[in-house]
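>>> Return a 3D structure for these sequence lines:
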Amino acid sequence: MKPIAESCLQNRAPILAVLREVLAGRRRLLEIGSGTGQHAVYFAPELPHLLWQTSDLEENHAAIQAWLAEADSPNLLPPLPLDVRTGPWPADTVDAVFSANTAHIMGWDAVEAMFAGVGRLLEAEGVFALYGPFNYGGAYTADSNARFDAWLRQRDPASGVRDFEALDALARAAGLVLWQDYAMPADNRTLVWRKGSAGFNGPA
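Here you go, the predicted structure:
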């Protein structure tokens with residue numbers, strides 16, 4: 001039986017709308033933290049111009065493979081083993097990276113390693129799209145995010161809703177420049193950085 005994450009069912013359509021915009025013209029994407037695999041099997045067929053490479057810790061591969069086994073999408077690749085802290089990262093560069101609901105689950109050392117790895121992996125003008133809840137100016141954007149953050153930290157003190165400014169500092173250190181900041185349903189955002197490219201278009 002395939003695992004099902006209800007959050008994927010709820011957020012996949014609005015995320016896809018954003019990805020259609022920011023991934024237009026891209027060729028090869030690495031998804032960091034593919035989780036159950038639900039996002040990958042939903043997005044890849046809708047973005048047939050893109051080769052979608054799943055990845056996650058090896059213990060999550062069985063779930064991803066279960067979803068991929070039922071997907072009829074020639075542009076969807078089986079998961080690579082990837083721990084962002086230790087690698088190995090893919091040998092070939094990509095022009096897009098996507099990750100959903102990972103930064104608040106990882107410890108901060110893993111978040112730092114993820115941004116550094118993305119900066120190395122992305123080609124010039126490549127994009128990194130990161131979906132999830134984020135704080136701005138050290139403040140929660142909604143009471144629901146405050147409750148979620150408390151739950152996360154009770155479960156694992158190393159996790160928690162991340163501050164946008166801290167993430168953007170990591171991005172800039174990795175050679176990435178903020179390109180778009182999309183408001184999403186349920187008090188989430190999709191942050192999009194480009195490698196070596198200026199010109200933030202403002203919140204969407």
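>>> what residues are up against residue 144?
186-187 (CB atoms under 8 Å, 6 or more residues apart in numbering). From N, CA and C alone the C-beta is placed, and that goes for glycine too.
>>> Repeat the analysis, applying 7 Å as the threshold.
residue 187 (CB atoms under 7 Å, 6 or more residues apart in numbering).
>>> ok, now residue 188?
With CB under 7 Å, 6+ apart, residue 188 has these contacts: 11, 131-133.
>>> and which of the residues you listed is nearest residue 169?
Nearest to residue 169 among the contacts of residue 188 is residue 132, at 17.0 Å by CB to CB.
>>> Check the burial of the closest residue to that closest one other than its chain neighbours by counting its neighbours.
Spatial nearest neighbour of residue 132, excluding adjacent residues (CB to CB, 6 or more residues apart in numbering): residue 101 at 5.2 Å. For residue 101, the count of nearby residues is 18 (other CB atoms under 10 Å).
>>> Could you give the backbone dihedrals for residue 101?
Per-residue torsions, residue 101: phi 60, psi 40 (degrees, to the nearest 10).
>>> swap in residue 70?
Here is the backbone geometry of residue 70 (degrees, to the nearest 10): phi -100, psi 0.
>>> Now stretch 184-201: average pLDDT?
What stretch 184-201 shows for mean pLDDT is 83.
>>> about what we covered before: between the contacts of residue 188, which sits nearest residue 59?
Nearest member of the contacts of residue 188 to residue 59, counting by CB to CB, is residue 132, at 21.3 Å.
>>> got the contact list for that closest one?
100-101, 103-104, 188.
>>> how does it look with 6 Å?
Listed by CB atoms under 6 Å, 6 or more residues apart in numbering, the contact set of residue 132 reads 101, 103-104, 188.
>>> quick one: which of the contacts of residue 188 sit in strands?
131-132 (DSSP state E).
>>> which residues are contacting stretch 80-97?
Around stretch 80-97, the neighbours that count as contacts under CB under 6 Å, 6+ apart are 23, 26-30, 55, 57-58, 110, 113-114, 117-118, 121, 123, 126-128.
>>> Could you identify the buried members of those residues?
Listed as buried from the contacts of stretch 80-97 are 23, 26, 28-30, 55, 110, 113-114, 117-118, 121, 123, 126-128; burial here means 16 or more other CB atoms under 10 Å.
>>> From the residues you listed, which land in strands?
Among those, DSSP E puts 28-30, 55, 123, 126-128 in strands.
>>> Just send those back as JSON lines, with pLDDT and distance to residue 17 too.
Listed next are these as JSON lines, based on pLDDT from 0 to 100; distance: CB to CB, whole Å:
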{"residue": "28", "pLDDT": "97", "distance to residue 17": "21"}
{"residue": "29", "pLDDT": "98", "distance to residue 17": "16"}
{"residue": "30", "pLDDT": "98", "distance to residue 17": "21"}
{"residue": "55", "pLDDT": "96", "distance to residue 17": "24"}
{"residue": "123", "pLDDT": "96", "distance to residue 17": "24"}
{"residue": "126", "pLDDT": "96", "distance to residue 17": "21"}
{"residue": "127", "pLDDT": "97", "distance to residue 17": "16"}
{"residue": "128", "pLDDT": "98", "distance to residue 17": "18"}
